[in-house]
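S.K.: Build the 3D model from these lines:
(chains A, B and C)
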Amino acid sequence: MAPLDYDALGFKAILAKLDSGILIITINRAKQRNSFGDTLPEELIQVFGLADRDDRVRVVILTAEHTAPAYCSGADISKGWSALFKPEETAEGETAHRDTGGQVTLAIYSCRKITIAAVNGHAVGVGMTALQLPFDLRFVWEGAKLAFPFVRRGITPEAASSYLLPRLLGHSRSNALLLTGATLSPTSPLISSLYYEIIPKREDVLPAALTLAKDLAVNTSQLSVSYTKGLLQHPGDSIEENHLLDSRSIKLLGSGRDAAEGALAFKERRFPKFPDTLAENSSPWYPWWKTMDVKHRKAKL
Amino acid sequence: MAPLDYDALGFKAILAKLDSGILIITINRAKQRNSFGDTLPEELIQVFGLADRDDRVRVVILTAEHTAPAYCSGADISKGWSALFKPEETAEGETAHRDTGGQVTLAIYSCRKITIAAVNGHAVGVGMTALQLPFDLRFVWEGAKLAFPFVRRGITPEAASSYLLPRLLGHSRSNALLLTGATLSPTSPLISSLYYEIIPKREDVLPAALTLAKDLAVNTSQLSVSYTKGLLQHPGDSIEENHLLDSRSIKLLGSGRDAAEGALAFKERRFPKFPDTLAENSSPWYPWWKTMDVKHRKAKL
Amino acid sequence: MAPLDYDALGFKAILAKLDSGILIITINRAKQRNSFGDTLPEELIQVFGLADRDDRVRVVILTAEHTAPAYCSGADISKGWSALFKPEETAEGETAHRDTGGQVTLAIYSCRKITIAAVNGHAVGVGMTALQLPFDLRFVWEGAKLAFPFVRRGITPEAASSYLLPRLLGHSRSNALLLTGATLSPTSPLISSLYYEIIPKREDVLPAALTLAKDLAVNTSQLSVSYTKGLLQHPGDSIEENHLLDSRSIKLLGSGRDAAEGALAFKERRFPKFPDTLAENSSPWYPWWKTMDVKHRKAKL
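M.R.: Numbers count the residues shown, from 1 in each chain, chains lettered A, B, ... in the order given. Predicted coordinates:
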């Protein structure tokens, strides 16, 4: 089977390009202010699912054109919120709806590769939630205007942001961000700890993310990354249970080829060449956690 | 039924005034250094309960006179700690006591409106815990002396502070604050992230809080605030469960009048006039969480 | 029974000295770059267990010689990772291994006295995890090079670090530290909030920790410290359950001798002399939580 060609998948709302282990996804809706609409959500779900299973991919970066009006201007609400709900969901009651932002969040959060958001423009609403919070790391342009305006629009925070934001920053900052709906600069102490690095110029955000991505694509083990993400997202319920989980993880990986290469490369002071891949060499024990099925059963596929 | 007149409720330890959706509660015990005693706890429990149910209230601010010796100097322990325990509780064993600070904390934490502490003076003990931690946002005077001195007094942190503080700031800061009992300035990196804003002058703390409160009273939806607080305080146990919770929340609110007005006002670039109120328009699904009954059964009312 | 003499216990990898309630433990493997090997893990487990039960101990400090090549250079991997696994564990399957770093973490974390890491040198791997994260407070030399390099070595974070680090700092910082494996300065915003204080000179780190320790050894109640650590590590599952836990704690301690002395000393503006000790005066209710037994059953003692 020929390896997947991301360019040839017919994406409309995004561009996707794989090079040297790094998949760069660019939001391609500058004329629509990169709003979260049309096929953008489903294409993001698809591409992060592919990146998760494609052993060539080590790091995934989501970004926008740095000349676009925004990184993501949020959902298009010119026709009101209810235009965002599917008719069959409305017919099937209030438990039928599945928030599109949340579906994108889950696809990104469950991707087992390193994920980086390169936020090189303004970001509002779902541009702050689904398109930033589920990523492992976030780079941001210093001049970006950032807002979680949900309480100012008569709705609620979506895309699992009420779960992710407090875990990322603590409740003191999260309450301030979600309950005031204020528009902030990345340098505000209320939000700065969300970011790995704050970059003065828009055009330098993606290059900064790419520099780190190149380092990580070469120097990190795919298995190590996936197990570490597993431990961070699904730790033990107690410190003792976590001790059992990480003991088993380190025994499994520490007996493997990547660990041998890691120790050897360190000893020889050279870059490692990690041989193991996620699809081929992961243990059946991984994942060790259970995942709730969130599909609505009545809705058609 | 005539609307509630907060001035006429006969409060002694507090002043309460409602204006334009903002209820300002002022601790009125300057002669007792605003210590947490006499009728202050029960009046706070009462007034936050009323604010929770009064649809006119959008934002609640707790503050003190900026000329008082302290925002709150803590419990009055001149007669020792046991003077704070009720005789019938002592007679009914060690599980009978219900910490007064904790009762106040629960009343503030469960208030469904935006709550702001305007800490315009020194704060010690329960003045740090019950009178700050359960609030959504905290403003503070830069010159305030702040301390959680419990381990230095032979007792333990109360008012659910061991639950709230790590959630607000993380354990690195919380351990430092609760285990050293040190007296700190708000600008210390150990505590600064507790505060929304640090204000140089005492007399400017309440005005700063009020400026934000006026914005929020006009521009936020009461339903949005209450659901957002619900999601922040009672998230899903997993990201998937949270996705179900916020999907249902956004479907409920997104189909409502506040969301329609929020989208329209945004489109028309004007202030919104949110029509929905909490008492009249909330869904029977809200609250979706269970609350443990903490009453001691033997004690008389 | 004569009181324990820490000097006479025959430690090889550490020095241990008790003075005025402060137990100073010094890693004594400068020739091996203070690597985490030989008898160091078992001696640390032993000495923290003794400190936990010895009522004379109020504060425990772990440090290194400030002239050593490192505070702790991590595990010695010159013979690869699998050299770190015991043969009988390998024979008994992948669930048999118990990570040595995790065993040290549990011993430090469950010590009921105040614990301080005085990190006066570089720290890598287990020198960041087991030898820093389970402590209540951390002092660090500004020039220290700090790294969690697990993903760069083909293994996973150990010593319960995936449990402790997000609780200490939040996931935004923890993800960055554990998934990039970067080497950082303590002043980096990615890691600075891990530290109570950052000290410019190596030789001043231990004295700074000692100054705080002397204050805490005199001015804090041993019972208060142990109950406060209990509440921080084992809070209620809800704010209401926490209210019941801290109500019971404050009733127990508030009726005791330390609380009476604490109130009296405060009133008389003098240093307290807390009479209660942990071994003699703790309630049978403490500890109120359950601890999972993590021993592997087949392995010999």
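
S.K.: Please count neighbours and contacts with C-alpha atoms only from this point.
M.R.: OK.

S.K.: Point out the residues in the stretch 101-250 of chain A that sit beside chain B.
M.R.: Contact residues (CA under 8 Å from any CA of the partner chain) of the stretch 101-250 of chain A with chain B: A:102, A:106, A:150-160, A:162-164, A:166, A:170-173, A:175-176, A:178-180, A:189-190.

S.K.: change it to 6 Å
M.R.: Residues of the stretch 101-250 of chain A lying near chain B by CA under 6 Å from any CA of the partner chain: A:102, A:151-156, A:158, A:160, A:162-163, A:170-172.

S.K.: can you pull the buried residues of the lowest-mean-pLDDT helix or strand in chain A?
M.R.: Taking mean pLDDT, DSSP states H and E as the measure, the helix or strand of chain A with the lowest value is helix A:87-91, at a mean of 81. Using 16 or more other CA atoms under 10 Å in any protein chain shown as the test for burial, helix A:87-91 gives A:Glu89.

S.K.: For chain A, just list every one of the strands.
M.R.: With DSSP state E as the criterion, chain A has strands at A:14-19, A:22-27, A:59-64, A:114-119, A:123-124, A:137-141, A:146-147, A:183-184, A:197-199.

S.K.: Would you format those strands as a markdown table with mean pLDDT, mean neighbour count and distance to chain C included?
M.R.: Below are the strands of chain A laid out as a markdown table (pLDDT from 0 to 100; neighbours: other CA atoms under 10 Å in any protein chain shown; distance: least, CA to the nearest CA, whole Å):
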| stretch | mean pLDDT | mean neighbour count | distance to chain C |
| --- | --- | --- | --- |
| strand A:14-19 | 98 | 18 | 20 |
| strand A:22-27 | 98 | 22 | 15 |
| strand A:59-64 | 98 | 26 | 11 |
| strand A:114-119 | 98 | 27 | 8 |
| strand A:123-124 | 98 | 25 | 18 |
| strand A:137-141 | 98 | 26 | 6 |
| strand A:146-147 | 98 | 23 | 17 |
| strand A:183-184 | 98 | 16 | 18 |
| strand A:197-199 | 98 | 21 | 9 |
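
S.K.: quick one, which of these is nearest to B:Ala30?
M.R.: For B:Ala30, the closest of those is strand A:183-184, at 37.1 Å, according to CA to CA.

S.K.: list the helices and strands that closest one packs on?
M.R.: For strand A:183-184, the elements it packs on are strand A:146-147, judged by 3 or more CA pairs under 6 Å, 6 or more residues apart in numbering or on different chains; DSSP states H and E.

S.K.: chain center to the strand it packs on: distance?
M.R.: Averaged C-alpha coordinates place strand A:146-147 at 18 Å from its chain's average position (CA atoms, centre = their mean, to the nearest Å).

S.K.: Please name the strands paired to that strand in the sheet, noting orientation.
M.R.: Strand pairing for strand A:146-147, using DSSP bridges, gives strand A:123-124 (parallel), strand A:183-184 (antiparallel).

S.K.: Backbone dihedrals for whatever residue of the stretch 201-301 of chain A ends up closest to chain B, both of them.
M.R.: The stretch 201-301 of chain A approaches chain B most closely through A:Met292 (6.1 Å), counting by CA to the nearest CA. As for A:Met292, its main-chain torsions (degrees, to the nearest 10) stand at phi -70, psi 130.

S.K.: how many neighbours does the nearest residue to A:Asp293 once chain neighbours are set aside have?
M.R.: In this structure, A:Asp293 finds its nearest non-sequential neighbour in B:Glu240, 7.7 Å apart by CA to CA, 6 or more residues apart in numbering or on different chains. The local packing of B:Glu240 (other CA atoms under 10 Å in any protein chain shown) involves 19 other residues.

S.K.: do the one 5 residues further on as well
M.R.: Using other CA under 10 Å, B:Leu245 has 22 other residues around it.

S.K.: Quick check: pLDDT value at it.
M.R.: For B:Leu245, the pLDDT comes out at 98.

S.K.: wouldn't A:Arg202 be in contact with A:His122 here?
M.R.: No: look at A:Arg202 against A:His122 with CA atoms under 6 Å: they stay out of range, at 10.1 Å.

S.K.: okay, these two: which has more neighbours?
M.R.: A direct count of neighbours by other CA under 10 Å for A:Arg202 and A:His122 places A:His122 higher, at 24 against 20.

S.K.: Tell me which residues touch the more buried one, please.
M.R.: Neighbour list for A:His122: A:Ala70, A:Tyr71, A:Ala144, A:Lys145 [criterion: CA atoms under 6 Å, 6 or more residues apart in numbering or on different chains].

S.K.: That one and chain C: what is the separation?
M.R.: Look at A:His122 and chain C: by CA to the nearest CA, to the nearest Å, they are 20 Å apart.

S.K.: A:Ser185 versus that residue, what's the distance?
M.R.: Noted for A:His122: a distance of 10 Å to A:Ser185, by CA to CA, to the nearest Å.

S.K.: Let me see the confidence value for the residue positioned nearest the centre of chain A.
M.R.: Central residue of chain A (CA atoms, centre = their mean): A:Phe135, 3.1 Å from the mean position. For A:Phe135, the pLDDT comes out at 99.

S.K.: do the one 10 residues further on as well
M.R.: Among the per-residue scores, A:Lys145 holds a pLDDT of 98.

S.K.: for A:Ser82, same thing?
M.R.: If you check A:Ser82, the pLDDT there is 80.

S.K.: what's the neighbour count on it?
M.R.: Counted with other CA under 10 Å, the neighbours of A:Ser82 add up to 18.

S.K.: So for it, what's the nearest residue that isn't a sequence neighbour?
M.R.: In space, and not counting its chain neighbours, A:Ser82 is closest to B:Ser255: 5.7 Å by CA to CA, 6+ apart.

S.K.: Run a quick neighbour tally on that neighbour.
M.R.: Using other CA under 10 Å, B:Ser255 has 19 neighbouring residues.

S.K.: do the same with A:Asp5
M.R.: A:Asp5 is flanked by 10 other residues according to other CA under 10 Å.

S.K.: How about A:Gln233?
M.R.: Counted with other CA under 10 Å, the neighbours of A:Gln233 add up to 19.

S.K.: which residues sit against stretch A:200-220?
M.R.: Applying CA under 6 Å, 6+ apart, the set of residues contacting stretch A:200-220 from outside is A:Gly21, A:Arg58, A:His66, A:Ala118, A:Asn120, A:Trp141, A:Glu142, A:Ile199, C:Val151, C:Arg152.

S.K.: Out of these, which is nearest to chain B?
M.R.: Nearest member of those to chain B, counting by CA to the nearest CA, is A:Glu142, at 20.5 Å.

S.K.: Look up how far A:Phe148 lies from the closest one.
M.R.: Using CA to CA, A:Glu142 is found at 17 Å from A:Phe148.

S.K.: who's more crowded, these two?
M.R.: Taking neighbours as other CA under 10 Å, A:Glu142 and A:Phe148 compare with A:Phe148 leading, 26 against 20.

S.K.: didn't the more buried one look like it was pressed against A:Gly125?
M.R.: Yes: if you go by CA under 6 Å, A:Phe148 and A:Gly125 touch, sitting 4.9 Å apart.

S.K.: Output the below-cut-off pLDDT ranges for chain A.
M.R.: A:1, A:299-301 (pLDDT under 70).
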